[in-house]
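Participant: Got a sequence here, can you model it:
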Amino acid sequence: MIKKLLLLLCFCFIHPFISSADEGMWMPNQLKKKEAAMQQRGLKIPVEEIYSEENVSLKDAVVQFGGGCTGEVISNRGLVLTNHHCGFSQIQAHSTIEHNYVENGFWAKEQSQEIPCAGLTVTFIISIENVTDKILSELKPEMTSQDRDQKIALVSAKLEKESKKEKYQQAKVKSFYYGNEFYLYVTETYRDIRFVGAPPASIGRFGGDADNWMWPRHTGDFSLFRIYADSSNHPADYAEKNFPYKPKKAFTLCAKGIHEGDFTMVFGFPGKTTEYIPSFAVDLVQNVDDPAKVNIRDKRLAIWRERMHGNDTIKLKYASKYGSLANYWKKWDGEMQGLRRSNVIAEKQAYEEGFIKWMGADMKRRDEYSGLLHEMELFYAQVKPVSKLYDYYNEAILGVEIISFINNNIRPLLELSLVDSVPDDSLKSAAAKLLKGVPGFFKNYDAMADRLILASMLNLFHDSVETNYHPEIYEYIRSRYKNDYTNFASDVFRKSVFTDEKRMTEFLSSFSHRSTKKIKKDLAYRIFASFAGMMKSKAAGSMSDFNARIASLQSRYMKAQMEMNNPVTMYPDANLTLRVAFGQVQSYSPRDAVHYDYKSTLGGAIEKFIPADPDFNLPAELVQLHAEKNFGDYAADGEIPVAFIATNHTTGGNSGSPVINANGELIGTNFDRIWEGTDSDIQFDPDLCRNISLDIRYTLFIIEKLGDAKNIIDELTIVK
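Facilitator: Next up, the predicted model:
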């Protein structure tokens, strides 16, 4: 019994914040302390070649792509490799029925064919400086959380302004460890990015929703873009005279292959993790937030899927939207089940028992942290119903596209029109600006799908959310339509000026102060106003107060954990800043009698191939290449490798990240994780955390053999 108690106490103090071998999304400046662990896993180059402040390193070939993904520079002419799903919005935007790059793919055979991508950017990290002392020295113990935040913002702005940077560079202070450390990032953002190539969606999105987050994967998830710069190699707006960017560093591609146990490293911009939250927060995610969001998206996706089936026009309109919505629907489902399977709440509770014992062993710690966990528990209990409400409002009500459009566009215009001092010319100018975006909205919009979703979401909100949060629009639907949401939705879409492109165009073209009355009477606007008014009166204050308070408590809890544990073992939660994860190529066993190999092949894709199926179709040319064994230099054991898995700790934002071998060479592109391990955003599971990467050999094979883009292959440095 005593032995069991000692083991429990040891477990409490160690788990989960002393990282296991492959756990961690490490800041580049932490790598020196992790060098021995990386070498033990197989790294053959010094960490200075991965990240260096003084010299060119691999970090100079890694970019944040479009603000939410990662990409890597793979040629001395600024060619960038990322995921197909990261570039998909651009692929779709440039597609028409006549030139359908989504369905047929695209390959620029010469520079003049590369397509400018308005609004797309890539960002390089120039330097990272620890400014923690400069900020914390300005904070006083007696400050309120609001005063503290304001002081941090003021000091950060001063540091950003005074930072050493060129006029074409940017500076930004980022918070880490919940406001316990701060770093100043100097970055360089390029704005002239051009589309170079991508396979057909039947390759780039092969497997669709059925395979998303699953293993084995057979998806050729890649696309190619090029960075352009001015004559000085600096960022510039698009201009025909711009030149391909000359990078400081470009990756060498390794086509020699991989084997189980090989060292791998992922360099990228992971979006968000919450590894250090208490058990009460995990309970909220597992039992309230994730179930609500999965339930809502189930219904929205089913309606879109029905409308897309057999209709190529609607399929093209909704391909990107559907993929985006389905992505996190499946992730949340896997996360919810993983948290339950791994019993994470109980593990967090065991850790918290250890925390309480550690705190109680020292008077100073008792004075600073006594009652902290209890206060957090009370706050999380209070927020449960409000958090559920926010999920149903944001995912269900604002999930109706026209209601979201009103929230983002019509609401600000109405607020402007209600100010008497705003002249008509200014109002017309604002309406004209909004009018420019109308064709783009309706280009990728299906009113019937949105009408069906409106009826479904109104019904779902009514049945799922407590009645004290039901807005007045429900009384109107009850009295006028006898709770017939289908009939009500039909009237909304028949009468509203916002559900039809022609009506909206005419309305905005003649917009004036007098137009406010028409907006307020509009049925679609009334739905939005009713829900928004309810949220403002019943939820906005309580949620904002909670967020502020819990942020303050979590900051204290994080500070305590950093004192309790060895800082060398603690990486900060992901926050879209540059990180390194490392591990090894490794198979896994998700459940009894099931074992998955570490690699997949084109032969496996052919086995899944179902002609004309939206998820499992393949180009006839690819099937023929496989039948003829026309694999070029990229085969291994008589097959073309497609994807592989490894133990690298990744999350959203790592899409498109370079996957690097022990010699610092590019062996693949990260594009997903296995479904069973998605709970590792909250607590790392070494048995089931696997990232899924596209093998660089499949990328090269598709470019050369299917795309016939030898010009792209000739640009690359490839080790065979």
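Participant: What are the buried residues along stretch 292-301?
Facilitator: 292-297, 299-301 (16 or more other C-beta atoms under 10 Å). The way it works is simple: take the backbone N, C-alpha and C, and place the C-beta from them, glycine included.
Participant: can you tell me which residues contact Val122?
Facilitator: Neighbouring residues of Val122 by C-beta atoms under 8 Å, 6 or more residues apart in numbering: 63-66, 71, 80, 189-190, 193, 225, 227.
Participant: so how far is Gln90 from it?
Facilitator: Distance, Val122 to Gln90, by C-beta to C-beta, to the nearest Å: 12 Å.
Participant: picking that back up, out of the contacts of Val122, which one sits closest to Ala524?
Facilitator: Gly66 (30.8 Å; C-beta to C-beta).
Participant: show me what contacts that closest one?
Facilitator: 86, 120-122.
Participant: how about a cut-off of 6 Å?
Facilitator: Applying C-beta atoms under 6 Å, 6 or more residues apart in numbering to Gly66 gives the contacts Leu120.
Participant: What does it show for phi and psi?
Facilitator: phi 70, psi 10 (degrees, to the nearest 10).
Participant: For Lys272, which non-adjacent residue is closest in space?
Facilitator: Ala574 (5.5 Å; C-beta to C-beta, 6 or more residues apart in numbering).
Participant: and what of Gly604?
Facilitator: Distances taken as C-beta to C-beta, 6+ apart place His218 nearest to Gly604, at 5.3 Å, with adjacent residues excluded.
Participant: can I assume that neighbour sits in a strand?
Facilitator: No. If the criterion is DSSP: H, G, I helix; E, B strand; the rest coil, then His218 is coil and not within a strand.
Participant: burial measure for it, as a count.
Facilitator: Counted with other C-beta atoms under 10 Å, residues neighbouring His218 total 23.
Participant: Surely it is in contact with Glu607?
Facilitator: No. Judged on C-beta atoms under 6 Å, His218 makes no contact with Glu607 at a distance of 8.8 Å.
Participant: From Cys86, how far off is Glu704?
Facilitator: 22 Å.
Participant: Alpha carbons of the strand or helix carrying His462, in PDB - could you do that?
Facilitator: Element membership of His462, judged by DSSP states H and E, is helix 447-464. Output of helix 447-464 as PDB, limited to C-alpha atoms (Å, rounded to 0.1, in the frame of the first residue of the first chain):
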ATOM      1  CA  ALA A 447     -29.600  29.900 -51.100                       C
ATOM      2  CA  MET A 448     -31.500  26.600 -50.900                       C
ATOM      3  CA  ALA A 449     -28.800  25.000 -48.700                       C
ATOM      4  CA  ASP A 450     -28.700  28.000 -46.500                       C
ATOM      5  CA  ARG A 451     -32.500  28.000 -46.200                       C
ATOM      6  CA  LEU A 452     -32.500  24.400 -45.100                       C
ATOM      7  CA  ILE A 453     -29.800  25.100 -42.600                       C
ATOM      8  CA  LEU A 454     -31.700  28.100 -41.200                       C
ATOM      9  CA  ALA A 455     -34.700  26.000 -40.400                       C
ATOM     10  CA  SER A 456     -32.600  23.200 -39.000                       C
ATOM     11  CA  MET A 457     -30.500  25.500 -36.800                       C
ATOM     12  CA  LEU A 458     -33.500  27.400 -35.400                       C
ATOM     13  CA  ASN A 459     -35.000  24.100 -34.400                       C
ATOM     14  CA  LEU A 460     -31.800  22.800 -32.900                       C
ATOM     15  CA  PHE A 461     -31.100  25.900 -30.900                       C
ATOM     16  CA  HIS A 462     -34.700  25.800 -29.500                       C
ATOM     17  CA  ASP A 463     -34.400  22.200 -28.400                       C
ATOM     18  CA  SER A 464     -30.900  22.300 -27.100                       C
END
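Participant: Looking at Glu704 and Cys86, which is more packed in?
Facilitator: Taking other C-beta under 10 Å, Glu704 and Cys86 do not tie; Cys86 has more neighbours (22 against 17).
Participant: and the nearest residue to the more buried one once chain neighbours are set aside, what is it in contact with?
Facilitator: Spatial nearest neighbour of Cys86, chain neighbours left out: Cys69 (3.7 Å); criterion: C-beta to C-beta, 6+ apart. Counting by C-beta under 6 Å, 6+ apart, Cys69 touches 82, 86, 655-656.
Participant: Let's test this: what are the backbone torsions at Cys69?
Facilitator: Torsion angles, degrees, to the nearest 10, at Cys69: phi -130, psi -180.
Participant: From His85, how far out is it?
Facilitator: From Cys69 to His85 the distance is 8 Å (C-beta to C-beta).
Participant: repeat for Tyr322
Facilitator: 12 Å.
Participant: Then Leu389?
Facilitator: The value you get for Leu389 to His85, if C-beta to C-beta is used, is 31 Å.
Participant: which residues of the stretch 101-250 of the chain score low on pLDDT?
Facilitator: Within the stretch 101-250 of the chain, not a single segment meets pLDDT under 70.
Participant: so after the helix or strand harbouring Phe531, what's the next helix or strand?
Facilitator: Phe531 is part of helix 523-535 when elements are defined by DSSP H and E. Per DSSP H and E, the first helix or strand lying C-terminal to helix 523-535 is helix 541-564.
Participant: helices or strands next to that next one in the packing?
Facilitator: helix 372-391 (3 or more C-beta pairs under 6 Å, 6 or more residues apart in numbering; DSSP states H and E).
Participant: you'd agree Phe582 is in a helix?
Facilitator: No. Under three-state DSSP, Phe582 sits outside any helix and is assigned strand.
Participant: correct me, but it touches Met265?
Facilitator: Yes. If you go by C-beta under 6 Å, Phe582 and Met265 touch, sitting 4.5 Å apart.
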